[in-house]
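Novice: here is a sequence together with a model predicted from it:
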Amino acid sequence: MVGPPAEGHQLLWASSVGYSRYQALPLKVFRVADLIRMFRRQLVALSRLYSQYLGNGYPDRNSNPHDPPRILITGSLGQLGVEVARFLRGVYGQENVIMSDIIKPSNEVFNEGPFIFADILDFKGLQEIVVMHRIDWLIHFSALLSAIGEQNVPLAIRVNIEGVHNAIELAKQYKLKIFVPSTIGAFGPESPRNPTPNVAVQRPKTIYGVSKVHAELLGEYYFHRYGLDFRCLRFPGVISSDPPGGGTTDYAVAIFHDVLQTGRFECYLSPDTRLPMMYIKDCLRALWEFMVTPSAKLKRRVYNVTAMSFTPEELAAEIAKQVPEIKVTYRPDSRQLIADSWPQVFDDSAAREDWGWRHEYDITKLVTAMVDDVSRQKRLRHSVNEL
Ligand SMILES: NC(=O)C1=CN([C@@H]2O[C@H](COP(=O)(O)OP(=O)(O)OC[C@H]3O[C@@H](n4cnc5c(N)ncnc54)[C@H](O)[C@@H]3O)[C@@H](O)[C@H]2O)C=CC1
Ligand SMILES: CC(=O)[C@H](N)C(=O)O
């Protein structure tokens with residue numbers, strides 16, 4: 001039986017069917033103009049097919065607004081997942097972005113669009129989800145972050161390393177475009193720290209960092225070996241009003257909540273610890289712009305991205321301009337050791353050159369946005385409690 005071929009060959013199939021249909025028509029119906037039109041249509045179909053296959057071997061589904069990609073986000077109830085889901089639903093439609101996690105969603109998240117249970121360690125379960133929901137893109141967020149990973153190394157190995165094996169193998173089997181975030185934590189004390197270039201020695205000293213280097217290398221290997229459309233951004237500390245999941249850069253979120261609540265904050269890093277950072281809106285835009293960049297434009301599969309670098313002291317001074325009379329004290333703990341091994345300034349010039357990355361938020365804009373976000377969140381919580 002002759003049926004439509006596998007995805008990716010459909011355009012060629014459709015255009016060849018179209019061609020033979022024209023062939024079957026009596027010759028007298030053709031005028032020169034019809035023939036030119038037919039020829040032009042074939043040419044357009046072929047050139048679209050060519051550009052779709054250029055570089056990565058898979059069609060770029062998102063290039064057609066009438067055929068948006070179906071996206072699965074793993075670990076989507078964390079600090080980044082909820083915001084990324086909202087952003088991508090805004091672009092591709094609510095039903096096309098499926099959130100998943102192993103924890104229970106809030107009512108608010110549950111009511112915003114499709115949510116399913118997905119354990120990244122259950123390969124068969126993931127296969128079923130990809131098939132039944134006709135997934136095209138996989139955004140793989142499940143992970144244990146740097147500080148929490150050190151508290152449970154065996155679990156971090158399972159979730160961060162076995163989990164990535166499953167995600168990447170799944171993407172290969174079903175020809176998915178896959179995004180796996182990496183981090184400044186994929187570098188270590190032997191890397192140049194100011195600035196840290198895209199390609200440098202990577203000898204991280206946390207299990208989190210080790211697992212992220214592993215993910216970068218495995219993804220690059222699958223790209224070269226199988227043509228997998230693997231994409232990876234190394235994010236700095238991401239700052240948003242949502243609660244972070246146990247990282248070393250979390251202080252830069254907690255400080256806003258604490259000073260707006262009590263006027264005080266005790267920081268677990270020393271005042272002069274410089275780390276690269278980014279506001280959530282820049283993070284979402286970086287991810288999306290990177291995902292829709294045609295494969296042919298990418299000179300590599302893993303890019304550093306950043307927006308700014310600051311110390312806790314500099315951040316506190318910037319906040320004090322808007323929230324006067326705050327008191328910040330410093331009591332470094334084990335996270336200081338991690339921070340001291342990470343980049344201070346991230347060099348993301350490759351991302352800027354290759355696919356046009358530009359950040360929008362510097363420290364002043366970040367503080368204004370965060371004071372606004374956290375105050376609004378507080379007011380909302382207060383009015384819900386009042387009800
Ligand atoms: N937030 C940040 O500053 C940065 C985050 N990233 C990366 O971005 C990704 C998302 O980060 P966040 O949202 O901050 O992390 P998070 O810790 O807030 O969220 C991780 C999510 O993974 C889920 N998870 C844990 N075990 C799982 C399993 N077995 N199956 C499925 N899900 C599981 C958790 O329930 C949680 O909701 C991570 O891969 C992280 O390494 C990278 C650089 C910076
Ligand atoms: C920068 C990260 O990867 C994360 N926020 C962490 O601190 O672990």
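Specialist: Structure's in. What do you need? Ligands and ions are numbered 1, 2, ... in the order given.
Novice: find me the pLDDT at R41, would you?
Specialist: We have a pLDDT of 44 for R41.
Novice: oh sorry, the question was meant for G57
Specialist: Taking G57 on its own, its pLDDT is 32.
Novice: same check on H382?
Specialist: 79.
Novice: spell out which residues of the chain are next to ligand 1.
Specialist: By Cβ under 6 Å from any ligand atom, the residues of the chain that approach ligand 1 are 74-75, 77-81, 101-103, 119-121, 141-143, 145, 159, 181, 183, 235, 237-238, 244-245, 247, 249. From N, CA and C alone the C-beta is placed, and that goes for glycine too.
Novice: show me the domain layout of the chain.
Specialist: Following automatic domain parsing, the chain resolves into domains at 10-53, 66-383.
Novice: what is the burial count for K297?
Specialist: The burial metric for K297, expressed as a neighbour count using other Cβ atoms under 10 Å, is 11.
Novice: and the strands in the stretch 151-300 of the chain, which stretches?
Specialist: Taking DSSP state E, counting those that start in this stretch, the strands of the stretch 151-300 of the chain run over residues 177-179, 182-183, 230-235, 237-239, 264-267, 275-279.
Novice: pick out the shakiest of the domains of the chain, pLDDT-wise.
Specialist: Looking at the domains of the chain, the bottom one is domain 10-53 with a mean of 37.
Novice: re earlier: quick one: closest of the strands of the stretch 151-300 of the chain to ligand 2.
Specialist: Proximity to ligand 2, assessed across the strands of the stretch 151-300 of the chain by Cβ to the nearest ligand atom, is greatest for strand 182-183 (3.3 Å).
Novice: what does the closest one rub up against?
Specialist: Applying Cβ atoms under 8 Å, 6 or more residues apart in numbering, the external contacts of strand 182-183 come out as 146, 208-209, 212-213, 215-216, 232-236, 302.
Novice: how about 7 Å then?
Specialist: Identification of contacts with strand 182-183 by Cβ atoms under 7 Å, 6 or more residues apart in numbering yields 212, 215-216, 232-235, 302.
Novice: same thing with stretch 191-211?
Specialist: Residues outside stretch 191-211 that contact it (Cβ under 7 Å, 6+ apart): 144-146, 149-150, 153, 156-157, 160-161, 185-190, 213, 303-304, 338, 341, 343-347, 350.
Novice: give me the buried subset of the residues you listed.
Specialist: Buried subset of those (neighbour count, 16 or more other Cβ atoms under 10 Å): 144-146, 149-150, 156-157, 160-161, 185-188, 213, 303-304, 338, 341, 343-347, 350.
Novice: quick check, K378 in contact with L260.
Specialist: Yes - K378 lies in contact with L260 (Cβ atoms under 7 Å); the separation is 6.4 Å.
Novice: neighbour count winner among the two?
Specialist: Neighbour totals were compared for K378 and L260, and L260 leads with 18 against 14 (other Cβ under 10 Å).
Novice: and stretch 326-344, anywhere near ligand 2?
Specialist: No - Stretch 326-344 stays clear of ligand 2 (Cβ under 6 Å from any ligand atom), getting no nearer than 7.6 Å.
Novice: ok and the residue in the stretch 201-350 of the chain nearest ligand 2?
Specialist: G247 (2.4 Å).
Novice: what's the separation between V374 and H165?
Specialist: 38 Å (Cβ to Cβ, to the nearest Å).
Novice: and the two? Which one has more around it.
Specialist: V374 (20 against 15).
Novice: which helix or strand contains the more buried one?
Specialist: Element membership for V374 (DSSP states H and E) is helix 363-386.
Novice: count the neighbours of the nearest residue to I73 once chain neighbours are set aside for me.
Specialist: Nearest residue to I73, sequence neighbours excluded (Cβ to Cβ, 6 or more residues apart in numbering): I139, at 4.5 Å. I139 has 27 neighbours, counted by other Cβ under 10 Å.
Novice: for M132, same thing?
Specialist: Count around M132 with other Cβ under 10 Å applied: 9.
Novice: look up how far R70 lies from it.
Specialist: Distance from M132 to R70, by Cβ to Cβ: 11 Å.
Novice: can you check I239 too?
Specialist: 30 Å.
Novice: tell me which of those two has more neighbours.
Specialist: In this view I239 and R70 are compared by other Cβ under 10 Å, and I239 has more residues nearby, 29 against 20.
Novice: show me the beta-bridge partners of the more buried one.
Specialist: Y279 (DSSP bridges).
Novice: hmm, M370 and it touching each other?
Specialist: Yes - here I239 reaches M370: they are 6.4 Å apart, a contact under Cβ under 7 Å.
Novice: am I right that S100 is in a strand?
Specialist: Yes - S100 sits within a strand when classified using DSSP: H, G, I helix; E, B strand; the rest coil.
Novice: that one touches I71, doesn't it?
Specialist: No - applying Cβ under 7 Å as the test, S100 and I71 come out as separate, 10.7 Å apart.
Novice: what sits against the most centrally placed residue in the chain?
Specialist: The C-alpha lying nearest the average C-alpha coordinate of the chain belongs to L287 (Cα atoms, centre = their mean; 4.8 Å). Contact analysis of L287 by Cβ under 7 Å, 6+ apart lists 84, 179, 233.
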